[in-house]
Each structure stands twice: as structure tokens, then as C-alpha cells.
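**Student:** Here is my input; please provide its structure:
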Amino acid sequence: MLTKYSANPCDVKKYTTSQLRDEFLIDDLFVKSEVKVVYSHIDRAVALGICPIDEPLILEEWIDNKSFGTAFFLERRELGLTCLSGKVRVTIDAQTYDLNAMDALYVGLGSRNISIEKLEGDATIYGLSAPAHKSLPTKLIPQHEAREVKLGALETANQRTIYQYLHPDVIETCQLCMGITHLAAGSVWNTMPAHTHERRMEAYVYFNIKPEQTVFHMMGEPTETRHIIVRDRQLVLSPSWSIHSGCGTQNYSFVWGMLGENQTFDDMDFIPMDTLA
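**Tutor:** Predicted structure coming up:
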């Protein structure tokens, strides 16, 4: 398990490019036939990259529960899973759920005996876990049941479709929110005008980025902005004090996930464009 600690914004101002990448970017989350686990001290988020090939991957065999001080991974946590590609079967306490690409699964506190097996194609699952205070039902959310929101315009290069899966209007969770954003052809900007939300951290997994393309992920305090070069299926951890925006050399997609004090989606501190620096 890789552990990432919280970073002070005053220190981040002095980081080199390599330090910035080491602190906030995970560039090897998805490895064939493995479960990669990243524990972040930013709101105690846990990110998972799960890539089954020949045999099912059993979460408990890849997670050292001593690191969490619990008997099993979700004893005091909830988990969201999104299928980025292929088709997989998730088995939880003998109950099975089949996920196609762009489907999601909410796994409630207390769930155990979790395994993921490949059914078709390049099976790639991304997971995000948050501390939880009560047990809620596990539920499969196919893409067509997600809340669909269309925003932006081609004129501002940010026309996009947002699918909200783990969202108060779709399913009850303790604190975890997750969704997927797809930018339209010809659009490259996400989350502009930029904002922060002091009460929630956010994690981005970028995907659908072609090998010859890239995304510039913008972060930092509004008057001390930095950027990280991001490529396909890489994860960026964004602390609550940081903006989290991006501009690609072509359109792309990303999974966004949030956890923290609330689930109020309009609880954002927008940054006027003329004050960014």
C-alpha cells in the first residue's frame, strides 16, 4: 500500500515539478492482475486500481487491514467502484453484480468477501473509499440510471456531459460522491471557472487520453497555481485548498470523487478568472 500524507499549501509553493508529481500524482494505479492501494491522509481517502486477468482478485488478499486497524477493509468504510473498460463481475458476500464499462457500484459499510473477476475485454476498475458512519445498501448504478447533466459550450471549449452516480439525487451514501465527465470533441477544458471547496477533497482519474495526447491538470491556491502533466489512467489527489481543473490537447474523460464534511454540490468557492495567478 502506498501512503500519501497531507501537504501544506505554504510548502507546495516551493515544490519542484518532480516534488509536485510525487506528492499528488499516482501514475501506476492500474497494473494487470493486481490490486493497487493508495491511502491518502487527505480526508483519509483510499484509491484502488483493480485489473483482473485470469483469476478473480480478492480485495482482502491485497489489503493489509493492520494499516486500517480494523478486522476487514469496509468494517468502518464505504466504497465506490467504477468500470472504466471491459466487463467485470463483483461478488460481495455471495451476491454478484455485473458491471459494463461506465457502470458504477456502491458498496456499503460492513461488506466483506469482495472479489472482482474479468468477464470480457480489458477489465479495469477504479475504486474510491471513504470513512463511513452507518451501513447503507450496496447498489449497482448502470450508466443509464446515473443523473445526466450537460454543461458548457463549444465556444468556450468546455462542452461536456457529467454522469452523477454516487450523488444525493441518485443514491444515499455517508459522504462519498463519484461521477464521470466526458468532454465533447473539440472541447478541452474541465471545471472552469475554477473553484475550491474547503469542506471536501477531490480525486481525479483521467482516462480516454490517447498515447500521443496529454492533460495539464491545474492545481494550487488560486493565486499560486501549478500544473501536473497527466496521461491515460493516472490519478491526481486534490486537497481542499486547491483548485482542480484541467486542459487537454484533445477531449478526454475523468472520474471525479469527493469526500469530506458535506455533499452540497453548490458549496463551492468560485474563483473569478481575472484573479487567477
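
**Student:** Looking at the protein, which strand is longest?
**Tutor:** Counting by DSSP state E, the longest strand found in the chain is strand 114-131.

**Student:** what comes up buried for that one?
**Tutor:** Across strand 114-131, burial judged by 16 or more other CB atoms under 10 Å covers 114-118, 123-131. Every C-beta, even on glycine, is put in place using the N, C-alpha and C of the backbone.

**Student:** Report the two of the residues you listed separated the most.
**Tutor:** Largest separation among these by CB to CB: 118 and 131, giving 29.6 Å.

**Student:** now the strands for the stretch 1-150 of the chain?
**Tutor:** 2-4, 25-26, 35-40, 46-50, 57-58, 77-92, 95-100, 104-107, 114-131, 139-141, 147-151 (DSSP state E, counting those that start in this stretch).

**Student:** which of those strands is buried the deepest?
**Tutor:** strand 104-107 (a mean of 25; mean count of other CB atoms under 10 Å).

**Student:** Who are the packing partners of that strand?
**Tutor:** Packing partners of strand 104-107 (3 or more CB pairs under 8 Å, 6 or more residues apart in numbering; DSSP states H and E): strand 77-92, strand 139-141, strand 160-166.

**Student:** Flag the shaky bits of the protein, pLDDT-wise.
**Tutor:** 265 (pLDDT under 70).

**Student:** could you point out the longest helix in it?
**Tutor:** Using DSSP state H, we find that the single longest helix of the chain is helix 17-24.

**Student:** got the angle for that one vs strand 35-40?
**Tutor:** 100 degrees (axes from the mean of the first three to the mean of the last three CA atoms, to 10 degrees).

**Student:** Which residues does helix 17-24 contact?
**Tutor:** Identification of contacts with helix 17-24 by CB atoms under 8 Å, 6 or more residues apart in numbering yields 4, 7, 12, 15, 27, 219, 226, 228, 236, 237, 238.

**Student:** Would you agree the fifth one is in contact with residue 229?
**Tutor:** Same thing as residue 27. No - applying CB atoms under 8 Å, one finds residue 27 not in contact with residue 229, separated by 9.8 Å.

**Student:** Next, count neighbours for residue 153.
**Tutor:** For residue 153, the count of nearby residues is 11 (other CB atoms under 10 Å).
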